[in-house]
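**Student:** Generate a structure from the sequence data that follows.
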Amino acid sequence: MPEGDTVFRTAAKLREALEGKKLTRCDVRVPRYAAVDLSGQVVDEVLSRGKHLFIRVGQASIHSHLKMDGAWVIGRVRQPAYKIRIVLETADSRASGIDLGVLEILDRATDMESVAHLGPDLLGPDWSAQTAVSNLVADPDRPLSEALLDQRVMAGVGNVFANEICFVFGLLPGTAVKEVADPLRLANRAQQMLWLNRLRINRTTTGNTRPGQDVWVYGRAGLPCRRCGTPIETDKDTERVTYWCPNCQR
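**Tutor:** Next up, the predicted model:
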């Protein structure tokens, strides 16, 4: 599932494949931008902002968001052609955007306006735990997992990290924000979790990278809690699926 760490790592791969190189092919398969051709221009910069990606080429900026199923693939693509929304090629590399939830070509000079609503980026140079806390506690009655998923609070947390953070702090996902004893510690721990996973292919929140040992509660409904052995519970009737240990989280 693409969260802030996945997007950060994707930007790093795109940077290695494209940055500083001239595009020999630019095929945008979105009707609104189908006539855009950036071939012959150099890719100046690739950057991530929360869950958003920007590839800056000349005066243009290719803005994408992976949403739930999107990905950027370097090299050979083993996907049906209809899933490919953009292809960028240089003399020695090829990057394809697959099932991108958002793909648009923006004016480079104003591309950051599209993400101006975001809170501080957990993996970006603008990260500020104090700002994140101020955003978090602004609505004290809001459920914690919902607040963590709000990118206006802090940018980068997705459903996996939201569930795992709630477990680590011993709080049910529906706990009101005002019940968090130390919001600053929570914000710092969220940043640490994403930072430690930013270059890992296999994400872990437990510190154990072995298959089946990498998360505390996410996706483990019915399995024993790693701390107390109580079966993990889940609620799939909400907009975002939640997981929790009824003994460790109160």
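**Student:** looking at it, residue 214 is touching residue 197, isn't it?
**Tutor:** No. Counting by C-beta atoms under 8 Å, residue 214 sits too far from residue 197 to count as a contact (9.8 Å). Using the backbone N, CA and C atoms, a C-beta is placed for each residue, glycine as well.
**Student:** which residues are in contact with both of those two?
**Tutor:** Residues touching both residue 214 and residue 197 (C-beta atoms under 8 Å, 6 or more residues apart in numbering) are 203, 204, 205.
**Student:** Out of those, list just those in helices.
**Tutor:** If you go by DSSP state H, these have nothing in helices.
**Student:** in this protein, which spans are strands?
**Tutor:** Per DSSP state E, the chain carries strands over the ranges 25-28, 43-49, 52-57, 60-65, 71-74, 84-89, 94-98, 102-107, 233-235, 242-244.
**Student:** Out of the ones you listed, which is closest to residue 210?
**Tutor:** Smallest distance to residue 210 across those (C-beta to C-beta): 19.6 Å, for strand 242-244.
**Student:** what pairs with the closest one, and is each one parallel or antiparallel?
**Tutor:** strand 233-235 (antiparallel) (DSSP bridges).
**Student:** which one among the shared contacts of residue 214 and residue 197 gets closest to residue 193?
**Tutor:** Nearest to residue 193 among these, with distances taken as C-beta to C-beta, is residue 205, at 5.8 Å.
**Student:** show me what contacts the closest one?
**Tutor:** Neighbouring residues of residue 205 by C-beta under 8 Å, 6+ apart: 160, 161, 164, 168, 193, 197, 214, 215, 216, 218.
**Student:** returning to that earlier point: looking at the strands of the chain, which is buried most?
**Tutor:** Of the strands of the chain, the one with the most neighbours on average (mean count of other C-beta atoms under 10 Å) is strand 242-244, at a mean of 26.
**Student:** ok, back up a step: out of residue 214 and residue 197, which sits in the more crowded spot?
**Tutor:** Here residue 214 and residue 197 are compared on neighbour count by other C-beta atoms under 10 Å; more neighbours surround residue 197, at 23 against 18.
**Student:** Distance of that one relative to residue 24?
**Tutor:** 34 Å (C-beta to C-beta, to the nearest Å).
**Student:** Repeat that for residue 175.
**Tutor:** The gap separating residue 175 from residue 24 is 53 Å, by C-beta to C-beta.
**Student:** where's the closest residue to residue 131 other than its chain neighbours relative to residue 190, distance?
**Tutor:** Leaving aside its chain neighbours, residue 131 sits nearest to residue 120 (5.0 Å; criterion: C-beta to C-beta, 6 or more residues apart in numbering). To residue 190, residue 120 is 11 Å away according to C-beta to C-beta.
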